[in-house]
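Trainee: structure for the following, please:
(chains A and B)
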Amino acid sequence: MFKMITYVFSGLLSILKGLGITWNNMFRKAVTLQYPLQKPVMTERFRGLVDLIPEKCIACSQCVKICPTAALDLTSAVNPETKKKSPCTFVFNGELCCFCGLCQEVCPTSAIFLNNIYEAAYYKHEDMLKIDLLKVDKYAHLAPKKACPCSKTSETRK
Amino acid sequence: MIAHYLPYLKLLLKGVCVLSFIAVSAMFLIWLERKVSAKVQNRLGPMITGPHGSLQSIADTVKLLLKENIVPSGADRLTWWLAPFFVTVPPVTAFLCMPFGPTFIVRDLNVGILFICSITSICVLGIFMAGWGSNNKYSLLGGMRSAAQIISYEVPLLLSALVVIMEAGTLSMQGIVHAQEPCWFFLKPNLFVAFVIYLISATAEVNRVPFDIPEAESELVAGYHTEYSGMKFAMFFVAEYTNLFIISAVAASLFLGGWLGPIRPSAGWFLLKAYVVIAFLMWIRWTLPRVRMDQMMSFAWKVLTPVALLNVLVTGWLLVAKG
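Mentor: As a prediction, this is how the structure comes out:
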(Lines give C-alpha, C1' and ligand atoms only; values in the text may rest on other atoms or scores of the structure.)
Protein backbone atom coordinates (compact mmCIF):
# COMPACT_ATOMS: atom_id res chain seq x y z
CA MET A 1 0.00 0.00 0.00
CA PHE A 2 2.74 2.46 1.05
CA LYS A 3 4.80 1.40 -1.94
CA MET A 4 1.87 2.11 -4.22
CA ILE A 5 1.39 5.60 -2.75
CA THR A 6 5.06 6.53 -3.15
CA TYR A 7 4.93 5.13 -6.69
CA VAL A 8 1.97 7.31 -7.58
CA PHE A 9 3.54 10.38 -6.01
CA SER A 10 6.88 9.96 -7.76
CA GLY A 11 4.96 9.53 -11.02
CA LEU A 12 3.06 12.74 -10.31
CA LEU A 13 6.33 14.60 -9.67
CA SER A 14 7.80 13.40 -12.94
CA ILE A 15 4.66 14.56 -14.75
CA LEU A 16 5.05 18.02 -13.21
CA LYS A 17 8.70 18.12 -14.30
CA GLY A 18 7.73 17.21 -17.85
CA LEU A 19 5.01 19.88 -17.84
CA GLY A 20 7.61 22.42 -16.74
CA ILE A 21 9.87 21.50 -19.64
CA THR A 22 7.10 21.83 -22.22
CA TRP A 23 5.97 25.12 -20.60
CA ASN A 24 9.46 26.55 -21.08
CA ASN A 25 9.55 25.26 -24.66
CA MET A 26 6.31 27.07 -25.45
CA PHE A 27 8.01 30.46 -25.06
CA ARG A 28 11.09 29.67 -27.09
CA LYS A 29 11.48 30.91 -30.63
CA ALA A 30 10.47 28.40 -33.28
CA VAL A 31 13.39 26.92 -35.19
CA THR A 32 11.34 26.31 -38.34
CA LEU A 33 12.19 28.25 -41.49
CA GLN A 34 9.28 28.83 -43.91
CA TYR A 35 11.46 27.38 -46.67
CA PRO A 36 10.45 28.82 -50.01
CA LEU A 37 9.89 32.22 -48.37
CA GLN A 38 12.80 32.18 -45.94
CA LYS A 39 16.03 30.58 -47.06
CA PRO A 40 18.76 29.38 -44.75
CA VAL A 41 22.08 31.21 -45.12
CA MET A 42 24.78 28.64 -45.73
CA THR A 43 28.11 28.82 -43.96
CA GLU A 44 31.31 29.95 -45.64
CA ARG A 45 32.62 26.42 -46.01
CA PHE A 46 29.41 24.92 -47.36
CA ARG A 47 30.06 22.79 -50.41
CA GLY A 48 27.55 23.77 -53.06
CA LEU A 49 27.97 23.94 -56.84
CA VAL A 50 31.41 24.30 -58.43
CA ASP A 51 32.15 27.91 -59.30
CA LEU A 52 35.05 29.69 -60.98
CA ILE A 53 36.62 33.13 -61.05
CA PRO A 54 37.82 33.13 -64.70
CA GLU A 55 40.38 35.96 -64.26
CA LYS A 56 42.27 33.99 -61.62
CA CYS A 57 42.38 30.71 -63.55
CA ILE A 58 45.78 29.76 -64.99
CA ALA A 59 44.45 26.65 -66.75
CA CYS A 60 46.86 24.31 -64.94
CA SER A 61 44.35 21.43 -65.24
CA GLN A 62 45.05 20.20 -61.71
CA CYS A 63 41.37 20.31 -60.84
CA VAL A 64 40.51 18.28 -63.93
CA LYS A 65 43.08 15.65 -62.96
CA ILE A 66 42.06 15.35 -59.34
CA CYS A 67 38.30 15.29 -59.96
CA PRO A 68 37.27 11.74 -58.89
CA THR A 69 34.16 11.70 -61.08
CA ALA A 70 35.63 13.57 -64.10
CA ALA A 71 33.03 16.26 -63.85
CA LEU A 72 35.28 19.00 -65.18
CA ASP A 73 36.39 19.54 -68.75
CA LEU A 74 38.99 22.21 -69.58
CA THR A 75 40.59 23.35 -72.81
CA SER A 76 43.22 26.07 -72.71
CA ALA A 77 45.31 28.21 -74.97
CA VAL A 78 48.54 30.17 -74.50
CA ASN A 79 48.36 33.87 -75.03
CA PRO A 80 51.23 34.65 -77.47
CA GLU A 81 51.85 38.14 -76.07
CA THR A 82 51.94 37.47 -72.34
CA LYS A 83 52.99 33.79 -72.69
CA LYS A 84 50.34 32.88 -70.12
CA LYS A 85 47.84 30.04 -70.29
CA SER A 86 44.18 30.84 -69.94
CA PRO A 87 41.05 28.67 -70.22
CA CYS A 88 39.18 28.63 -73.53
CA THR A 89 36.30 26.42 -72.42
CA PHE A 90 35.63 25.19 -68.91
CA VAL A 91 32.59 22.92 -68.69
CA PHE A 92 31.27 21.52 -65.43
CA ASN A 93 28.98 18.49 -65.42
CA GLY A 94 26.68 19.04 -62.45
CA GLU A 95 25.28 15.53 -62.75
CA LEU A 96 28.64 13.85 -62.09
CA CYS A 97 29.90 16.13 -59.34
CA CYS A 98 30.06 14.56 -55.88
CA PHE A 99 30.77 17.84 -54.07
CA CYS A 100 34.03 16.52 -52.57
CA GLY A 101 35.78 19.89 -52.85
CA LEU A 102 39.08 18.42 -54.06
CA CYS A 103 39.24 20.92 -56.97
CA GLN A 104 39.02 23.75 -54.49
CA GLU A 105 41.79 22.25 -52.36
CA VAL A 106 44.16 21.67 -55.25
CA CYS A 107 43.69 25.00 -57.05
CA PRO A 108 46.93 27.06 -56.69
CA THR A 109 45.20 30.40 -57.33
CA SER A 110 41.90 29.75 -55.55
CA ALA A 111 40.10 30.27 -58.84
CA ILE A 112 37.82 27.25 -58.56
CA PHE A 113 35.69 26.85 -55.47
CA LEU A 114 32.39 25.49 -54.24
CA ASN A 115 29.83 28.24 -53.74
CA ASN A 116 26.90 28.22 -51.29
CA ILE A 117 24.09 27.41 -53.72
CA TYR A 118 22.17 24.36 -52.51
CA GLU A 119 19.13 24.50 -54.79
CA ALA A 120 20.76 22.73 -57.74
CA ALA A 121 17.64 21.89 -59.72
CA TYR A 122 17.26 22.60 -63.42
CA TYR A 123 14.32 22.55 -65.78
CA LYS A 124 16.23 20.69 -68.48
CA HIS A 125 18.60 17.77 -68.15
CA GLU A 126 21.05 19.25 -70.67
CA ASP A 127 21.36 22.43 -68.64
CA MET A 128 22.81 20.43 -65.80
CA LEU A 129 25.25 18.45 -67.95
CA LYS A 130 26.99 21.44 -69.49
CA ILE A 131 27.48 24.34 -67.16
CA ASP A 132 29.86 26.86 -68.69
CA LEU A 133 32.02 27.96 -65.79
CA LEU A 134 33.45 30.88 -67.76
CA LYS A 135 30.06 32.56 -68.02
CA VAL A 136 29.60 35.12 -65.29
CA ASP A 137 25.85 34.68 -64.84
CA LYS A 138 25.92 30.87 -64.92
CA TYR A 139 24.14 30.47 -61.58
CA ALA A 140 22.15 33.70 -61.66
CA HIS A 141 18.86 31.80 -61.89
CA LEU A 142 19.77 29.58 -58.92
CA ALA A 143 21.47 32.07 -56.68
CA PRO A 144 19.96 32.99 -53.33
CA LYS A 145 18.66 36.56 -53.42
CA LYS A 146 20.91 38.03 -50.73
CA ALA A 147 24.20 36.16 -50.67
CA CYS A 148 26.39 36.66 -53.73
CA PRO A 149 27.46 33.30 -55.17
CA CYS A 150 30.69 34.66 -56.63
CA SER A 151 32.20 36.01 -53.43
CA LYS A 152 34.28 33.37 -51.77
CA THR A 153 34.48 35.18 -48.46
CA SER A 154 30.81 35.29 -47.67
CA GLU A 155 29.98 38.14 -45.35
CA THR A 156 26.69 36.61 -44.29
CA ARG A 157 28.35 34.37 -41.74
CA LYS A 158 28.53 35.91 -38.32
CA MET B 1 -51.31 29.96 -36.23
CA ILE B 2 -47.78 31.39 -36.17
CA ALA B 3 -47.90 31.68 -32.40
CA HIS B 4 -48.60 27.97 -32.25
CA TYR B 5 -45.35 27.16 -34.07
CA LEU B 6 -43.26 29.80 -32.33
CA PRO B 7 -41.88 27.57 -29.54
CA TYR B 8 -40.80 25.00 -32.11
CA LEU B 9 -39.16 27.69 -34.20
CA LYS B 10 -37.36 28.92 -31.11
CA LEU B 11 -36.12 25.40 -30.38
CA LEU B 12 -35.00 25.01 -33.98
CA LEU B 13 -33.05 28.27 -33.77
CA LYS B 14 -31.40 27.14 -30.54
CA GLY B 15 -30.48 23.89 -32.24
CA VAL B 16 -28.92 25.73 -35.16
CA CYS B 17 -26.99 27.93 -32.71
CA VAL B 18 -25.65 24.88 -30.87
CA LEU B 19 -24.70 23.08 -34.09
CA SER B 20 -22.87 26.06 -35.52
CA PHE B 21 -21.13 26.63 -32.21
CA ILE B 22 -20.00 22.99 -32.21
CA ALA B 23 -18.64 23.18 -35.76
CA VAL B 24 -16.81 26.46 -35.21
CA SER B 25 -15.50 25.37 -31.81
CA ALA B 26 -14.21 22.07 -33.22
CA MET B 27 -12.45 23.88 -36.06
CA PHE B 28 -10.93 26.39 -33.68
CA LEU B 29 -9.83 23.64 -31.29
CA ILE B 30 -8.15 21.67 -34.09
CA TRP B 31 -6.21 24.80 -35.07
CA LEU B 32 -5.38 25.49 -31.42
CA GLU B 33 -4.19 21.93 -30.92
CA ARG B 34 -1.88 22.18 -33.91
CA LYS B 35 -0.53 25.51 -32.71
CA VAL B 36 0.02 24.28 -29.14
CA SER B 37 1.79 21.16 -30.38
CA ALA B 38 3.96 23.32 -32.62
CA LYS B 39 4.80 25.67 -29.75
CA VAL B 40 5.75 22.80 -27.47
CA GLN B 41 7.99 21.29 -30.15
CA ASN B 42 9.58 24.62 -31.19
CA ARG B 43 7.81 24.55 -34.54
CA LEU B 44 5.52 27.08 -36.20
CA GLY B 45 2.50 24.94 -37.07
CA PRO B 46 0.11 26.01 -39.82
CA MET B 47 1.22 29.42 -41.12
CA ILE B 48 0.23 29.72 -44.76
CA THR B 49 -3.59 29.71 -44.84
CA GLY B 50 -4.69 33.03 -43.38
CA PRO B 51 -2.88 34.97 -40.67
CA HIS B 52 -0.96 32.43 -38.58
CA GLY B 53 -2.79 29.64 -40.41
CA SER B 54 -6.11 30.54 -38.81
CA LEU B 55 -8.07 29.44 -41.87
CA GLN B 56 -6.33 26.06 -42.04
CA SER B 57 -9.26 24.22 -40.45
CA ILE B 58 -11.66 25.70 -43.01
CA ALA B 59 -9.39 24.54 -45.83
CA ASP B 60 -9.24 21.09 -44.24
CA THR B 61 -13.03 20.97 -43.94
CA VAL B 62 -13.44 21.85 -47.61
CA LYS B 63 -10.94 19.14 -48.50
CA LEU B 64 -12.75 16.56 -46.37
CA LEU B 65 -16.12 17.52 -47.88
CA LEU B 66 -14.78 16.92 -51.39
CA LYS B 67 -13.09 13.62 -50.59
CA GLU B 68 -14.28 10.28 -51.83
CA ASN B 69 -16.16 8.14 -49.36
CA ILE B 70 -14.47 4.73 -49.41
CA VAL B 71 -16.26 1.70 -48.00
CA PRO B 72 -13.88 -1.15 -47.15
CA SER B 73 -14.70 -4.52 -48.71
CA GLY B 74 -16.39 -6.89 -46.29
CA ALA B 75 -17.49 -4.02 -44.07
CA ASP B 76 -20.61 -4.50 -41.99
CA ARG B 77 -22.49 -1.86 -43.97
CA LEU B 78 -25.15 -0.82 -41.46
CA THR B 79 -22.85 -0.55 -38.45
CA TRP B 80 -20.22 1.11 -40.57
CA TRP B 81 -22.64 3.77 -41.80
CA LEU B 82 -24.28 4.37 -38.43
CA ALA B 83 -21.13 4.56 -36.31
CA PRO B 84 -20.17 8.19 -37.12
CA PHE B 85 -23.69 9.31 -36.15
CA PHE B 86 -23.56 7.38 -32.89
CA VAL B 87 -20.28 9.12 -32.13
CA THR B 88 -21.37 12.61 -33.17
CA VAL B 89 -24.95 12.86 -31.88
CA PRO B 90 -24.37 12.25 -28.11
CA PRO B 91 -21.91 15.15 -27.64
CA VAL B 92 -24.31 17.41 -29.56
CA THR B 93 -27.18 16.27 -27.34
CA ALA B 94 -25.11 16.96 -24.25
CA PHE B 95 -25.27 20.68 -25.07
CA LEU B 96 -28.94 20.51 -24.09
CA CYS B 97 -28.15 21.29 -20.46
CA MET B 98 -24.84 23.11 -20.75
CA PRO B 99 -25.13 26.28 -18.63
CA PHE B 100 -23.57 29.08 -20.70
CA GLY B 101 -25.18 31.74 -18.51
CA PRO B 102 -27.87 32.27 -15.86
CA THR B 103 -30.57 32.16 -18.57
CA PHE B 104 -28.42 31.06 -21.49
CA ILE B 105 -29.25 27.36 -21.45
CA VAL B 106 -31.36 25.28 -23.81
CA ARG B 107 -33.21 23.36 -21.08
CA ASP B 108 -32.18 23.21 -17.42
CA LEU B 109 -33.02 19.57 -16.72
CA ASN B 110 -33.30 18.66 -13.05
CA VAL B 111 -31.02 15.66 -13.75
CA GLY B 112 -28.57 17.72 -15.83
CA ILE B 113 -25.24 16.24 -14.85
CA LEU B 114 -26.63 12.70 -14.91
CA PHE B 115 -28.00 13.37 -18.40
CA ILE B 116 -24.65 14.64 -19.67
CA CYS B 117 -22.71 11.72 -18.19
CA SER B 118 -25.12 9.11 -19.50
CA ILE B 119 -25.60 10.57 -22.99
CA THR B 120 -21.87 11.01 -23.62
CA SER B 121 -21.20 7.41 -22.65
CA ILE B 122 -23.25 6.35 -25.70
CA CYS B 123 -20.18 7.43 -27.72
CA VAL B 124 -18.44 4.20 -26.78
CA LEU B 125 -21.15 2.31 -28.64
CA GLY B 126 -20.40 4.26 -31.81
CA ILE B 127 -16.68 3.73 -31.38
CA PHE B 128 -17.17 0.00 -30.96
CA MET B 129 -19.50 -0.09 -33.96
CA ALA B 130 -16.86 1.71 -36.04
CA GLY B 131 -14.26 -0.79 -34.90
CA TRP B 132 -16.46 -3.77 -35.66
CA GLY B 133 -17.95 -2.50 -38.92
CA SER B 134 -14.64 -1.61 -40.57
CA ASN B 135 -13.56 -5.24 -41.07
CA ASN B 136 -10.03 -4.30 -40.07
CA LYS B 137 -8.04 -5.84 -37.25
CA TYR B 138 -6.61 -2.49 -36.14
CA SER B 139 -10.05 -0.91 -36.03
CA LEU B 140 -11.44 -3.81 -34.06
CA LEU B 141 -8.58 -3.70 -31.56
CA GLY B 142 -9.02 0.04 -31.21
CA GLY B 143 -12.73 -0.32 -30.64
CA MET B 144 -12.25 -3.07 -28.04
CA ARG B 145 -9.62 -1.07 -26.20
CA SER B 146 -11.78 2.01 -26.29
CA ALA B 147 -14.75 0.16 -24.85
CA ALA B 148 -12.64 -1.28 -22.03
CA GLN B 149 -11.05 2.07 -21.28
CA ILE B 150 -14.18 4.21 -21.35
CA ILE B 151 -16.18 1.79 -19.21
CA SER B 152 -13.36 1.59 -16.64
CA TYR B 153 -12.91 5.33 -16.38
CA GLU B 154 -16.64 6.01 -16.20
CA VAL B 155 -16.52 4.75 -12.59
CA PRO B 156 -14.07 7.30 -11.09
CA LEU B 157 -15.56 10.01 -13.31
CA LEU B 158 -19.05 9.51 -11.91
CA LEU B 159 -17.73 9.08 -8.37
CA SER B 160 -15.97 12.45 -8.60
CA ALA B 161 -19.13 14.02 -10.03
CA LEU B 162 -21.01 12.42 -7.13
CA VAL B 163 -18.93 14.42 -4.67
CA VAL B 164 -20.04 17.62 -6.40
CA ILE B 165 -23.66 16.47 -6.37
CA MET B 166 -23.42 15.74 -2.62
CA GLU B 167 -21.91 19.14 -1.96
CA ALA B 168 -24.40 21.03 -4.14
CA GLY B 169 -27.41 18.93 -3.18
CA THR B 170 -28.78 19.01 -6.71
CA LEU B 171 -28.32 17.30 -10.07
CA SER B 172 -29.28 20.34 -12.12
CA MET B 173 -26.35 22.09 -13.83
CA GLN B 174 -27.69 25.55 -12.96
CA GLY B 175 -28.24 24.41 -9.37
CA ILE B 176 -24.63 23.23 -9.15
CA VAL B 177 -23.35 26.56 -10.51
CA HIS B 178 -25.56 28.49 -8.10
CA ALA B 179 -24.26 26.36 -5.20
CA GLN B 180 -20.76 27.67 -6.00
CA GLU B 181 -21.68 31.31 -5.43
CA PRO B 182 -20.00 31.51 -2.00
CA CYS B 183 -16.91 29.52 -3.01
CA TRP B 184 -15.85 27.75 -6.20
CA PHE B 185 -15.82 24.02 -5.58
CA PHE B 186 -12.23 23.30 -6.56
CA LEU B 187 -11.00 25.51 -3.71
CA LYS B 188 -12.31 23.02 -1.14
CA PRO B 189 -9.75 20.26 -0.47
CA ASN B 190 -12.04 17.25 -0.93
CA LEU B 191 -13.47 18.72 -4.11
CA PHE B 192 -10.01 19.54 -5.39
CA VAL B 193 -9.21 15.83 -5.19
CA ALA B 194 -12.45 15.17 -7.06
CA PHE B 195 -11.40 17.76 -9.67
CA VAL B 196 -8.08 16.02 -10.27
CA ILE B 197 -9.78 12.63 -10.53
CA TYR B 198 -12.37 14.12 -12.86
CA LEU B 199 -9.70 15.60 -15.14
CA ILE B 200 -7.72 12.36 -15.33
CA SER B 201 -10.71 10.15 -16.02
CA ALA B 202 -12.22 12.66 -18.45
CA THR B 203 -8.95 12.63 -20.42
CA ALA B 204 -9.25 8.86 -20.59
CA GLU B 205 -12.91 9.18 -21.49
CA VAL B 206 -12.19 11.19 -24.65
CA ASN B 207 -9.21 8.98 -25.62
CA ARG B 208 -6.60 11.70 -25.38
CA VAL B 209 -2.93 11.29 -24.65
CA PRO B 210 -1.71 9.88 -22.22
CA PHE B 211 -4.74 7.56 -22.54
CA ASP B 212 -4.92 7.40 -26.34
CA ILE B 213 -4.51 3.63 -26.40
CA PRO B 214 -7.58 3.12 -28.67
CA GLU B 215 -6.04 5.25 -31.42
CA ALA B 216 -2.37 4.69 -30.73
CA GLU B 217 -0.77 5.59 -34.06
CA SER B 218 2.34 3.53 -33.55
CA GLU B 219 0.35 0.37 -32.79
CA LEU B 220 -3.06 0.65 -34.45
CA VAL B 221 -2.67 3.08 -37.38
CA ALA B 222 -5.54 5.26 -36.16
CA GLY B 223 -7.63 2.78 -34.19
CA TYR B 224 -11.36 2.69 -34.80
CA HIS B 225 -11.41 5.38 -37.51
CA THR B 226 -8.62 3.89 -39.64
CA GLU B 227 -10.97 2.96 -42.50
CA TYR B 228 -13.04 6.13 -42.51
CA SER B 229 -12.47 8.87 -45.03
CA GLY B 230 -14.03 12.11 -46.16
CA MET B 231 -16.90 13.55 -44.17
CA LYS B 232 -17.28 10.45 -41.98
CA PHE B 233 -13.74 10.91 -40.76
CA ALA B 234 -14.52 14.58 -40.20
CA MET B 235 -17.49 13.54 -38.07
CA PHE B 236 -15.21 11.46 -35.85
CA PHE B 237 -12.89 14.41 -35.60
CA VAL B 238 -15.68 16.85 -34.75
CA ALA B 239 -17.01 14.40 -32.16
CA GLU B 240 -13.56 14.09 -30.59
CA TYR B 241 -13.13 17.83 -30.21
CA THR B 242 -16.74 18.40 -29.15
CA ASN B 243 -16.23 15.78 -26.47
CA LEU B 244 -13.11 17.61 -25.40
CA PHE B 245 -15.12 20.82 -25.14
CA ILE B 246 -17.86 19.06 -23.20
CA ILE B 247 -15.57 17.54 -20.59
CA SER B 248 -13.89 20.91 -20.15
CA ALA B 249 -17.20 22.75 -19.97
CA VAL B 250 -18.52 20.25 -17.42
CA ALA B 251 -15.30 20.60 -15.42
CA ALA B 252 -15.76 24.37 -15.55
CA SER B 253 -19.36 24.22 -14.35
CA LEU B 254 -18.82 21.52 -11.72
CA PHE B 255 -15.61 22.77 -10.17
CA LEU B 256 -14.61 26.20 -11.49
CA GLY B 257 -17.84 28.09 -10.86
CA GLY B 258 -19.33 27.84 -14.36
CA TRP B 259 -20.57 31.20 -15.58
CA LEU B 260 -19.90 32.91 -12.23
CA GLY B 261 -17.54 35.84 -12.60
CA PRO B 262 -16.96 39.33 -11.27
CA ILE B 263 -18.24 41.18 -14.36
CA ARG B 264 -21.24 40.83 -16.61
CA PRO B 265 -20.93 38.63 -19.71
CA SER B 266 -21.40 35.33 -17.93
CA ALA B 267 -21.15 33.28 -21.13
CA GLY B 268 -17.69 34.81 -21.59
CA TRP B 269 -16.63 33.57 -18.17
CA PHE B 270 -17.99 30.12 -18.89
CA LEU B 271 -16.14 29.91 -22.22
CA LEU B 272 -12.96 31.32 -20.71
CA LYS B 273 -12.93 28.69 -17.97
CA ALA B 274 -13.73 25.91 -20.43
CA TYR B 275 -10.94 27.01 -22.77
CA VAL B 276 -8.46 27.25 -19.90
CA VAL B 277 -9.23 23.62 -19.06
CA ILE B 278 -8.89 22.70 -22.76
CA ALA B 279 -5.54 24.47 -22.98
CA PHE B 280 -4.38 22.58 -19.90
CA LEU B 281 -5.45 19.26 -21.43
CA MET B 282 -3.61 20.16 -24.65
CA TRP B 283 -0.50 21.01 -22.68
CA ILE B 284 -0.77 17.61 -20.96
CA ARG B 285 -1.27 15.90 -24.31
CA TRP B 286 1.92 17.24 -25.84
CA THR B 287 3.94 16.51 -22.71
CA LEU B 288 3.18 12.97 -21.68
CA PRO B 289 3.88 9.70 -23.45
CA ARG B 290 1.22 7.03 -23.85
CA VAL B 291 0.66 4.63 -20.95
CA ARG B 292 0.50 0.89 -21.45
CA MET B 293 -2.84 -0.95 -21.49
CA ASP B 294 -2.21 -2.78 -18.18
CA GLN B 295 -0.90 0.42 -16.54
CA MET B 296 -4.01 2.26 -17.61
CA MET B 297 -6.38 -0.42 -16.32
CA SER B 298 -4.58 -0.87 -13.00
CA PHE B 299 -4.47 2.90 -12.54
CA ALA B 300 -8.23 3.13 -13.04
CA TRP B 301 -9.17 0.27 -10.73
CA LYS B 302 -6.37 0.29 -8.15
CA VAL B 303 -5.73 4.01 -7.71
CA LEU B 304 -8.48 6.27 -9.06
CA THR B 305 -11.54 4.27 -8.00
CA PRO B 306 -10.41 3.69 -4.37
CA VAL B 307 -9.34 7.32 -4.00
CA ALA B 308 -12.64 8.51 -5.47
CA LEU B 309 -14.60 6.19 -3.14
CA LEU B 310 -12.61 7.42 -0.15
CA ASN B 311 -13.31 10.97 -1.29
CA VAL B 312 -17.04 10.26 -1.37
CA LEU B 313 -16.80 8.82 2.17
CA VAL B 314 -14.86 11.82 3.50
CA THR B 315 -17.27 14.25 1.85
CA GLY B 316 -20.17 12.37 3.42
CA TRP B 317 -18.57 12.66 6.87
CA LEU B 318 -17.91 16.35 6.37
CA LEU B 319 -21.48 16.98 5.28
CA VAL B 320 -22.83 15.05 8.28
CA ALA B 321 -20.47 16.96 10.63
CA LYS B 322 -21.69 20.25 9.15
CA GLY B 323 -25.25 19.07 9.74
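Trainee: what residues does chain A put near chain B?
Mentor: Residues of chain A found near chain B (Cβ under 8 Å from any Cβ of the partner chain) are A:4, A:8, A:15, A:18-19, A:21-23, A:25-26, A:28-32, A:34. Every residue, glycine included, has its C-beta placed from N, CA and C.
Trainee: which of these are buried? Put it as a PyMOL command.
Mentor: Of those, the buried ones can be selected in PyMOL as follows, counting by 16 or more other Cβ atoms under 10 Å in any protein chain shown:
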select buried, chain A and resi 19+22
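Trainee: and which of the residues of chain A next to chain B is nearest residue B:8?
Mentor: Closest to residue B:8 out of the residues of chain A next to chain B is residue A:26 (47.6 Å), distances taken as Cβ to Cβ.
Trainee: does that closest one touch residue B:40 like I think?
Mentor: Yes. Under the criterion of Cβ atoms under 8 Å, residue A:26 makes contact with residue B:40 at 5.9 Å.
Trainee: where do the contact lists of those two overlap?
Mentor: Each of residue B:283 lies in contact with both residue A:26 and residue B:40 under the rule Cβ atoms under 8 Å, 6 or more residues apart in numbering or on different chains.
Trainee: now do the helices in chain B.
Mentor: For chain B, the helices defined by DSSP state H cover B:2-40, B:56-66, B:77-93, B:112-120, B:123-133, B:137-168, B:173-179, B:189-205, B:217-220, B:230-255, B:266-285, B:293-298, B:305-322.
Trainee: got it, and chain A?
Mentor: Counting by DSSP H, the helices of chain A are A:2-26, A:62-66, A:102-106, A:125-129.
Trainee: okay, which residue is most central for chain B?
Mentor: residue B:243 (2.5 Å; Cα atoms, centre = their mean).
Trainee: then chain A?
Mentor: Short answer for chain A (Cα atoms, centre = their mean): residue A:48, at 2.7 Å.
Trainee: in space, what's closest to it - neighbours in sequence excluded?
Mentor: Spatial nearest neighbour of residue A:48, chain neighbours left out: residue A:117 (4.4 Å); criterion: Cβ to Cβ, 6 or more residues apart in numbering or on different chains.
Trainee: what do you get for residue A:108?
Mentor: residue A:60 (6.5 Å).
Trainee: what do you get for residue B:73?
Mentor: residue B:135 (7.4 Å).
Trainee: how about residue B:271?
Mentor: Looking at residue B:271 with Cβ to Cβ, 6+ apart, the closest residue is residue B:100, at 7.7 Å.
Trainee: state the pLDDT value of the one you found.
Mentor: If you check residue B:100, the pLDDT there is 84.
Trainee: residues contacting it?
Mentor: B:259, B:266, B:267, B:270, B:271.
Trainee: do you know how far the residue lying farthest from the centre of chain A is from residue A:8?
Mentor: Distance from the centre of chain A peaks at residue A:1, with 62.4 Å (Cα atoms, centre = their mean). Residue A:1 sits 11 Å away from residue A:8, going by Cβ to Cβ, to the nearest Å.
Trainee: would you mark the buried spots in stretch B:272-292?
Mentor: Buried residues in stretch B:272-292 (16+ other Cβ under 10 Å): B:273-275, B:277-278, B:281-288, B:290-291.
Trainee: about what we covered before: can you count the residues close to the residue nearest to residue A:108?
Mentor: Close neighbours of residue A:60, defined as other Cβ atoms under 10 Å in any protein chain shown, add up to 17.
Trainee: just checking, it touches residue A:106?
Mentor: No. If you go by Cβ under 8 Å, residue A:60 and residue A:106 don't touch, sitting 9.1 Å apart.
Trainee: how about the contacts made by the residue nearest to residue B:71 when sequence neighbours are not counted?
Mentor: The shortest distance from residue B:71 to any non-neighbouring residue, by Cβ to Cβ, 6+ apart, is to residue B:80 (6.8 Å). Counting by Cβ under 8 Å, 6+ apart, residue B:80 touches B:71, B:72, B:129, B:130, B:133, B:134, B:227.
Trainee: any chance of TSV for these, columns distance to residue A:86, pLDDT and neighbour count?
Mentor: TSV is the format used below for those (distance: Cβ to Cβ, whole Å; pLDDT from 0 to 100; neighbours: other Cβ atoms under 10 Å in any protein chain shown):
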residue	distance to residue A:86	pLDDT	neighbour count
B:71	72	85	16
B:72	71	84	16
B:129	81	89	23
B:130	75	88	30
B:133	78	86	25
B:134	73	86	26
B:227	69	84	22
